[in-house]
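Participant: Prediction below, plus the sequence it came from.
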Amino acid sequence: MVTQLKDFDNYLYAIHAKSDLHRDAPGTLVGSCGLRIQGDLEHLPSVPRNPHLVFSSHEKDPHTPLKPILFRTLGYAFFESAWGKGYATETISALMASFKSLQSSVRERAREEGKEDVWIFVKAEVDDENPASKKVMDKLGFENMGKAVVEDGKMIFLGGQWRDPVYWVYGDWV
């Protein structure tokens, strides 16, 4: 996990459920969650307008470059024994709150140095057959951007198995 953060700028966490009997123990591993850097957002329906920007100079003059945008992909997986217990909602909520706080500090520092704001768009891909993950995304305020299709028709790996190349895309600005 340290290597992922240090060498690749990816945030990766193992999720443990605390034991009521052994409060000081690390608990039982129930899953993982992470935010990995993404170069572009292939197969993504169009990125929604950033609600944090009241307007951009691009809207006035289409030749003005857009503000810089970075992309990250949210991923999470939980063992079946942990399903339906709120771990995904709690974990992703904490991860996103922490990441948003960090990025807010980074933007503030950039403004103080006279640099331009950089916004991050976080996307999550949800298998069409996983209504629980759709509910998690909705609860956490991710915008349902619609279905995406892998153009070459190759299978995709979601929810621990290879699936048809059609999936839901959710996104949030940080």
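Facilitator: Cool, got the structure. Numbers count the residues shown, from 1 in each chain.
Participant: where exactly do the helices run in the protein?
Facilitator: For the chain, the helices defined by DSSP state H cover 2-8, 57-60, 87-112, 131-139.
Participant: Residues contacting the first one, please?
Facilitator: When you say that, I think you mean helix 2-8. For helix 2-8, the external contacting residues (CB atoms under 8 Å, 6 or more residues apart in numbering) are Asn10, Tyr11, Leu12, Gly34, Arg36, Ile37. (Each C-beta comes from the backbone N, C-alpha and C, glycine too.)
Participant: Spit out the contact partners of the nearest residue in space to the fifth one that is not next to it in sequence.
Facilitator: This means Arg36. For Arg36, ignoring the flanking residues on the chain, the nearest one in space by CB to CB, 6 or more residues apart in numbering is Asn10 at 4.3 Å. Residues near Asn10 by CB under 8 Å, 6+ apart: Gln4, Gly34, Leu35, Arg36, Ile37.
Participant: Apply 10 Å and report the result again.
Facilitator: Counting by CB atoms under 10 Å, 6 or more residues apart in numbering, Asn10 makes contact with Met1, Thr3, Gln4, Gly34, Leu35, Arg36, Ile37, Gln38, Arg72, Thr73, Gly75.
Participant: First-to-last residue distance for stretch 142-155?
Facilitator: Distance between the two ends of stretch 142-155: 25 Å, counting by CA to CA, to the nearest Å.
Participant: Give me the buried stretch members for it, please.
Facilitator: Across stretch 142-155, burial judged by 16 or more other CB atoms under 10 Å covers Phe142, Met145, Ala148.
Participant: Columns distance to Ala124 on top of those, output as CSV?
Facilitator: Output for the buried residues of stretch 142-155, formatted as CSV (distance: CB to CB, whole Å):
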residue, distance to Ala124
Phe142, 6
Met145, 10
Ala148, 11
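Participant: Among those, which lie within strands?
Facilitator: Assigned to strands by DSSP state E, the following of the buried residues of stretch 142-155 qualify: Met145, Ala148.
Participant: if we can go back for a sec, among the contacts of helix 2-8, which are in strands?
Facilitator: Judged by DSSP E, the contacts of helix 2-8 include Tyr11, Leu12, Gly34, Arg36, Ile37 as members of strands.
Participant: How many residues are close by the last one?
Facilitator: Neighbour count of Ile37, defined by other CB atoms under 10 Å: 13.
Participant: Could you tell me which residues make contact with the closest residue to it other than its chain neighbours?
Facilitator: Closest residue to Ile37 apart from its sequence neighbours, by CB to CB, 6+ apart: Asp9 at 5.1 Å. When contacts are counted by CB under 10 Å, 6+ apart, Asp9 touches Leu35, Arg36, Ile37, Leu70, Arg72.
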